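*Asks:* below: sequence and its predicted model.
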Amino acid sequence: MGFIKYLFSKQFLKQLLIASVLFVALFFGLNTWLQLTTNHEQQIQVPDLSKLNISEVELELSELNLHYEVIDSSSYNSSYPKKSVIDQSPDKNSFVKENRTIYLTLNPSKYGDVEIQEFYGKTKKEVIAELKSLGFEIGKIYFIPDLGKNVVRKMKCNGKYLKVGTKLPKHSVIDLILGNGKRR
């Protein structure tokens, strides 16, 4: 009975009113502060940066008050200019807020070098499959007198004979010299 009487007392109602006013004031104050500091209604559309070099990216993003960071130089893609953007995050046409960092993946300036593996005595089919899987292209096929028919005896690139361990850029054209299956 004393508790119910206390709930309807002037002292309790006064405290309840003060707490309610403070709660409402705190709620609206916090909401207003968050909208001001987080730029709640602001939206900047991320431009398409693909195939742009770093100086063009910097110019375009600085006009929008955005920043960039290069996170990777991916494997070489010949359909993109050297040192140009091949991927970005967030994606083009996404909406971001002011001062956001756009993460970029660039096209390296050249293909990576790949080491020539052991080839002598392997069949034409084996060597071609291995060279293609390493990223090389197959050029001309020559035959020399040798008992091993379609067995690789030598390889050339740009007129120079290749040895195991030689490093060449990906997509280099390699000529094969095979045995013709005859002594002479």
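*Replies:* That came through fine. Residues are numbered from 1 along each chain as shown.

*Asks:* going forward, measure contacts between C-alpha atoms and count neighbours the same way
*Replies:* Fine.

*Asks:* find the centremost residue of the chain, please.
*Replies:* Compute the mean C-alpha point of the chain, and by Cα atoms, centre = their mean the closest residue is T105, 4.4 Å away.

*Asks:* that residue looks like it's in a strand, true?
*Replies:* Yes. Per DSSP: H, G, I helix; E, B strand; the rest coil, T105 lies within a strand segment.

*Asks:* and it, what are its bridge partners?
*Replies:* Beta-bridge partners for T105, by DSSP bridges, are D72, D87.

*Asks:* contacting residues for it?
*Replies:* Taking Cα atoms under 8 Å, 6 or more residues apart in numbering as the criterion, T105 is in contact with V70, I71, D72, S73, S74, V85, I86, D87, Q88.

*Asks:* pLDDT check: weakest of those residues?
*Replies:* The lowest pLDDT within those belongs to S74, which sits at 64.

*Asks:* determine the three-state secondary structure at Q11.
*Replies:* Q11 falls in the helix class when you classify it by three-state DSSP.

*Asks:* kindly export the helix or strand bottoming out on mean pLDDT in the chain (C-alpha atoms) in CSV.
*Replies:* Every helix and strand in the chain was compared by mean pLDDT, DSSP states H and E; the lowest is helix 2-7, with a mean of 80. Extracted as CSV, the C-alpha positions of helix 2-7 are listed here (Å, rounded to 0.1, in the frame of the first residue of the first chain):
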residue,chain,number,x,y,z
GLY,A,2,2.9,2.4,0.8
PHE,A,3,4.5,1.7,-2.6
ILE,A,4,1.3,2.6,-4.5
LYS,A,5,0.9,5.7,-2.5
TYR,A,6,4.5,6.7,-3.3
LEU,A,7,3.9,6.2,-7.1
